[in-house]
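K.L.:
sequence? don't have it. structure:
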């Protein structure tokens with residue numbers, strides 16, 4: 001992410017220590033919960049109330065500088081990767097969340113088989129399984145399959 005203060009100003013938002021700390025925490029800790037963002041912000045600037053963290057996250061969501069995801073059975077998580085169409089891999093064992101690019105191209109998930117008249121502007125896809133570390137911990141062999149690039153040639 002470019003300079004957080006510049007990003008806030010570019011969106012017409014007043015720059016405060018709390019907003020900067022929250023935005024930086026989200027950037028430094030992708031897929032963090034609000035509590036994790038609060039802990040990181042506190043370590044950066046000292047005291048910050050839970051309400052200030054929630055207010056900053058709500059504002060950053062509203063202006064499009066952060067994205068909120070909420071995997072089933074998990075608290076909401078925040079990330080600053082907002083300008084692309086990507087999805088998430090989620091470990092059923094440890095809860096780790098990582099980004100994964102769209103399988104086929106820039107935004108194929110936005111084309112529904114039947115949009116029923118909706119103007120679709122976002123799709124959420126989550127892949128669930130177990131991460132390599134949990135597979136090793138559980139004593140299962142980790143086999144990697146070659147990644148196939150399914151993006152169209154440009």
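P.N.:
Nice, I can see it. Values in this document were obtained by computation on a predicted structure and should not be read as measured data.

K.L.:
how much space between residue 47 and residue 88?
P.N.:
32 Å (CB to CB, to the nearest Å). C-beta here means a position set from N, CA and C on the backbone, and glycine is covered the same way.

K.L.:
neighbour-wise, which of those two wins?
P.N.:
Using other CB atoms under 10 Å as the criterion, residue 47 and residue 88 rank with residue 88 on top: 18 against 8.

K.L.:
where do the helices sit along the chain?
P.N.:
Per DSSP state H, the chain carries helices over the ranges 4-10, 17-28, 34-45, 50-62, 132-137.

K.L.:
how far does the shortest one sit from the chain's center?
P.N.:
Spelled out, that is helix 132-137. From the chain centre to the centre of helix 132-137 is a distance of 23 Å (CA atoms, centre = their mean, to the nearest Å).

K.L.:
now the third one
P.N.:
Averaging C-alpha coordinates over helix 34-45 and over its chain gives two centres that are 17 Å apart (CA atoms, centre = their mean).

K.L.:
Now stretch 121-139: buried residues?
P.N.:
For stretch 121-139, a neighbour-count test (16 or more other CB atoms under 10 Å) marks 130-131, 134-135 as buried.

K.L.:
Let's test this: mean pLDDT of it, rounded?
P.N.:
For stretch 121-139, the mean pLDDT works out to 86.

K.L.:
separation between the residue in the chain sticking out farthest from the centre and residue 118?
P.N.:
Distance from the C-alpha centroid of the chain, by CA atoms, centre = their mean, peaks at residue 139 (29.7 Å). Residue 139 is 46 Å from residue 118, where distance means CB to CB.

K.L.:
quick one, domains of the protein?
P.N.:
By the assignment in automatic domain parsing, the chain contains the domains 4-69, 84-137.
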